[in-house]
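Here is a sequence together with a model predicted from it:
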Amino acid sequence: MRVNLKNPNTHQLKQVKVGFSWTTFFFGFWPALFRGDWKWFGIQLIIVIFVACFTFGLGTGIVGIVFSFFYNKLYINDLLESGYVPNDKTSEDILLSKGITVASN
């Protein structure tokens with residue numbers, strides 16, 4: 001399920017997936033880098049390095065699995081905090097049904 005978010009200042013549109021992140025599941029922290037989400041890229045990378053030090057690299061896949069359950073929600077919340085708003089009523093309803101707080105216009 002995808003939602004459309006719009007930045008009213010720059011008129012930039014983003015279509016963002018809601019729910020489980022298959023890209024994070026398969027590729028770990030790389031989707032955050034390709035989205036330009038530097039904050040969560042850095043956090044995931046630091047956690048991967050930390051986990052790798054204690055598990056000789058064997059536990060790094062677990063970080064991607066754990067983050068895949070909630071990364072999309074974190075990304076959407078960051079977009080909403082930076083000024084993005086749902087572009088249509090359907091997108092707003094989907095966000096509200098998934099427990100994501102949307103500021104009223």
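Here it is on my side, so go on.

Check what contacts the helix ranked longest in the chain and list those residues.
Ordering each helix of the chain by length in residues (DSSP state H) puts helix 38-55 first. With contact meaning C-beta atoms under 8 Å, 6 or more residues apart in numbering, helix 38-55 is reached by 28-29, 32-33, 59-60, 62-64, 67, 71, 74-75, 78. From N, CA and C alone the C-beta is placed, and that goes for glycine too.

Quick check: the farthest pair among those residues?
59 and 78 (26.1 Å; C-beta to C-beta).

In the longest helix of the chain, which residues are buried?
Buried residues in helix 38-55, counted by 16 or more other C-beta atoms under 10 Å: 40, 41, 44, 45, 47, 48, 51.

next one: stretch 96-105
By neighbour count on 16+ other C-beta under 10 Å, the buried set for stretch 96-105 is 100, 102.

Excluding chain neighbours, what is closest to residue 64?
residue 28 (3.8 Å; C-beta to C-beta, 6 or more residues apart in numbering).

Report how many residues lie close to that neighbour.
20 (other C-beta atoms under 10 Å).

Hmm, residue 66 and it touching each other?
No - assessed by C-beta atoms under 8 Å, residue 28 is found out of contact with residue 66, at 10.5 Å.

now the helices for this structure?
According to DSSP H, the helices that the chain contains are 22-27, 30-35, 38-55, 60-68, 71-81, 89-97.

So for residue 1, which of those helices sits nearest?
helix 89-97 (6.0 Å).

Contacts for the closest one, please.
For helix 89-97, contacts defined as C-beta under 8 Å, 6+ apart pick out 1, 3, 4, 5, 18, 76, 86, 102.
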